[in-house]
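**Q** Sequence unavailable; structure follows:
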């Protein structure tokens, strides 16, 4: 992964890469890794079409910090699956902020899964593995043990998201989906069908209230001990 600004980008990457003060609140002593990931997104991420060039000035607050604060909701030592990981959001910022977590990134597209493999290796994220496939595929479910938490960001409407997430969450575990201002409306609209997938107790939470100008809005749901939405979990 390149770590320097590349010709053809309109932005001064060296200036934009400087971590804002609040990044230390989120990433602690690993803030330098977050800067390295910023550079990966601003170079390879743009070149591979995973991020638009206009996102470069907003990478810190709209993407990296916005995802890193998700760790506030996750217990120590949890196993996390990030579905439809794309450019590694929220999985990679979460892995940087919380090295105690074991994180599996699931991404169906070869171009994106290759990017994720390279990014995890370049950042030496030993707590991250990448699996190419779709969360709903039997082949993926066969090799991925149900996790304590399944995360996602901008993947699908809540109804479909819960259907894909539920089989990957252990009984008693959680689905944590980054959503926007319509989170409450999504819950109201889809609560019944989501419940049939085995995800219940849907609530809206915000993360990063102390550090972010615009806190991250998420929907949190709990996998029932017995459900029709997936197999029994193994610890």
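**A** Everything's here; your move. In this text, all values refer to a predicted model and were calculated from it rather than measured experimentally. Residues are numbered from 1 along each chain as shown.
**Q** Quick check: nearest residue in space to the most centrally placed residue in the chain, chain neighbours excluded?
**A** In the chain, the residue lying closest to the centroid (C-alpha atoms, centre = their mean) is residue 90, at 2.1 Å. The shortest distance from residue 90 to any non-neighbouring residue, by C-beta to C-beta, 6 or more residues apart in numbering, is to residue 67 (3.4 Å). To be clear about C-beta, it is placed using only N, CA and C from the backbone, and glycine gets the same treatment.
**Q** is it true that that neighbour touches residue 93?
**A** Yes: judged on C-beta atoms under 8 Å, residue 67 makes contact with residue 93 at a distance of 4.0 Å.
**Q** Now do the contacts for residue 151.
**A** Residue 151 makes contact with 70, 80-83, 90-91, 94, 176-178, according to C-beta atoms under 8 Å, 6 or more residues apart in numbering.
**Q** helix or strand right after the host helix or strand of residue 32?
**A** Here residue 32, judged by DSSP states H and E, is contained in helix 31-40. Using DSSP H and E, the helix or strand that follows helix 31-40 in sequence is helix 46-47.
**Q** How far off centre is the lowest-mean-pLDDT helix or strand in the chain?
**A** Across the helices and strands of the chain, the lowest-confidence element by mean pLDDT, DSSP states H and E is helix 13-16, at a mean of 89. Offset of helix 13-16 from its chain centre (C-alpha atoms, centre = their mean, to the nearest Å): 24 Å.
**Q** Ok, stretch 188-207 next?
**A** On C-alpha atoms, centre = their mean, the centre of stretch 188-207 falls 19 Å from that of its chain.
**Q** correct me, but residue 33 touches residue 27?
**A** Yes: in this structure, residue 33 is within contact of residue 27 by C-beta under 8 Å, at 7.1 Å.
**Q** any common contacting residues for these two?
**A** residue 96.
**Q** quick one, strands of the protein?
**A** Taking DSSP state E to define them, one finds strands in the chain at 79-83, 102-107, 128-132, 147-153, 169-179, 199-207, 216-223.
**Q** Work out the gap between the fourth one and the centre of the chain.
**A** On the basis of C-alpha atoms, centre = their mean, strand 147-153 sits 8 Å off its chain's mean C-alpha point.
**Q** picking up where we left off before, dump the strands of the chain to JSON lines, plus distance to residue 161 and mean pLDDT.
**A** Shown next, in JSON lines, are the strands of the chain (distance: least, C-beta to C-beta, whole Å; pLDDT from 0 to 100):
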{"stretch": "strand 79-83", "distance to residue 161": "8", "mean pLDDT": "98"}
{"stretch": "strand 102-107", "distance to residue 161": "13", "mean pLDDT": "98"}
{"stretch": "strand 128-132", "distance to residue 161": "18", "mean pLDDT": "98"}
{"stretch": "strand 147-153", "distance to residue 161": "6", "mean pLDDT": "97"}
{"stretch": "strand 169-179", "distance to residue 161": "6", "mean pLDDT": "97"}
{"stretch": "strand 199-207", "distance to residue 161": "9", "mean pLDDT": "97"}
{"stretch": "strand 216-223", "distance to residue 161": "9", "mean pLDDT": "98"}
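**Q** so can I have CSV of those showing distance to residue 140?
**A** Output for these, formatted as CSV (distance: least, C-beta to C-beta, whole Å):
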stretch, distance to residue 140
strand 79-83, 9
strand 102-107, 6
strand 128-132, 6
strand 147-153, 12
strand 169-179, 14
strand 199-207, 18
strand 216-223, 17
